[in-house]
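Q: Sequence and predicted structure are below.
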Amino acid sequence: MSKLPDFQMERKVVRKGFQAVAGVDEVGRGALFGSVVAAAIILPLQYITGKCPEWIGEIDDSKVLSPARRLRLAKEIHSQARAVGIGWSTHEEIDRDNISNATLMAMERAVQALAVPPDFLLIDAVSLQGNDCPQMKLSQGDKKCVSIACASIVAKVLRDEMVIRLDRIFDGYSLAKNKGYGTREHYQMLKELGPSPFHRLSFNLKVKGK
């Protein structure tokens, strides 16, 4: 059984005097369709120092959680976090600026959306060069750090809901099933139907006629 995320990194930061530690993560970077969505989460300080509710013990990388558990945990995070910030970059911005820059932009927007100004950022895999807030990037942070894992859960639930709603408009790509990622079925439908207005044209879509 793999080790669950913990508060080890948050506690190190808090011991240095920081009080509003935000975990930041994104979802949808590798998809063929739709926006990339980011979340920034500041959890209560008492959770970091040891007084946690039971649901914290269920937090894990969003990709390994069932949809029902992700949704339940996302509701707990929204109701109990000190602050939740959401940001995204559209498919047009991804095509214009490239996925790497668009991902950083979504993360920056999530941080800016926090109602409580963070004094330290724990970020999954990247650094935000334009942000003056002290920060640390953590490789596979959503597997190690509770705050980052919470951000991944909130971002994934929101993005999945967005894609499912768009599936009702752009029928035929099985978006509700694949969430916009490049499954074999998704590529096959792109060959047959061509891209929808929300597909990322800068990606290798293998569309009909190519």
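A: Perfect, I can see it now. Residues are numbered from 1 along each chain as shown.

Q: Who are the contact partners of residue 57?
A: Applying C-beta atoms under 8 Å, 6 or more residues apart in numbering to residue 57 gives the contacts residue 4. All C-beta atoms are positioned from the backbone trio N, CA, C, and that covers glycine.

Q: which SS state does the residue nearest the centre of the chain fall under?
A: The central residue of the chain, meaning the one whose C-alpha is nearest the mean C-alpha position (C-alpha atoms, centre = their mean), is residue 26 at 2.7 Å. Assigned state for residue 26: strand (three-state reduction, DSSP: H, G, I helix; E, B strand; the rest coil).

Q: How many residues are close by the closest residue to it other than its chain neighbours?
A: Nearest non-adjacent residue to residue 26, counting by C-beta to C-beta, 6 or more residues apart in numbering: residue 38, 4.1 Å away. Residue 38 is flanked by 34 other residues according to other C-beta atoms under 10 Å.

Q: Could I get the contacting residues of the residue nearest to the centre of the chain?
A: By C-beta under 8 Å, 6+ apart, the neighbours of residue 26 are 36, 37, 38, 39, 103, 106, 107, 124, 155.

Q: change it to 10 Å
A: By C-beta atoms under 10 Å, 6 or more residues apart in numbering, residue 26 lies in contact with 36-39, 87-89, 102-104, 106-107, 110, 123-126, 142, 151-152, 155-156, 159.

Q: for residue 66, same thing?
A: By C-beta under 10 Å, 6+ apart, the neighbours of residue 66 are residue 72.

Q: What score does it have for pLDDT?
A: Residue 66 is assigned 96 on the pLDDT scale.

Q: Which is the succeeding secondary structure element to the lengthiest helix in the chain?
A: Ranked by residue count under DSSP state H, the longest helix found in the chain is helix 146-167. Once the chain leaves helix 146-167, the next helix or strand it forms, by DSSP states H and E, is helix 175-178.

Q: Low-confidence regions, the protein specifically.
A: Along the chain, segments meeting pLDDT under 70 span 1-2, 206-210.

Q: how about the helices of it, start to end?
A: 8-15, 45-48, 67-80, 91-97, 99-112, 141-144, 146-167, 175-178, 184-193.

Q: how about JSON lines for these, with distance to residue 133 and mean neighbour count added?
A: Formatted as JSON lines, these follow (distance: least, C-beta to C-beta, whole Å; neighbours: other C-beta atoms under 10 Å):
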{"stretch": "helix 8-15", "distance to residue 133": "12", "mean neighbour count": "16"}
{"stretch": "helix 45-48", "distance to residue 133": "17", "mean neighbour count": "16"}
{"stretch": "helix 67-80", "distance to residue 133": "21", "mean neighbour count": "16"}
{"stretch": "helix 91-97", "distance to residue 133": "22", "mean neighbour count": "18"}
{"stretch": "helix 99-112", "distance to residue 133": "7", "mean neighbour count": "20"}
{"stretch": "helix 141-144", "distance to residue 133": "16", "mean neighbour count": "23"}
{"stretch": "helix 146-167", "distance to residue 133": "14", "mean neighbour count": "24"}
{"stretch": "helix 175-178", "distance to residue 133": "35", "mean neighbour count": "19"}
{"stretch": "helix 184-193", "distance to residue 133": "37", "mean neighbour count": "15"}
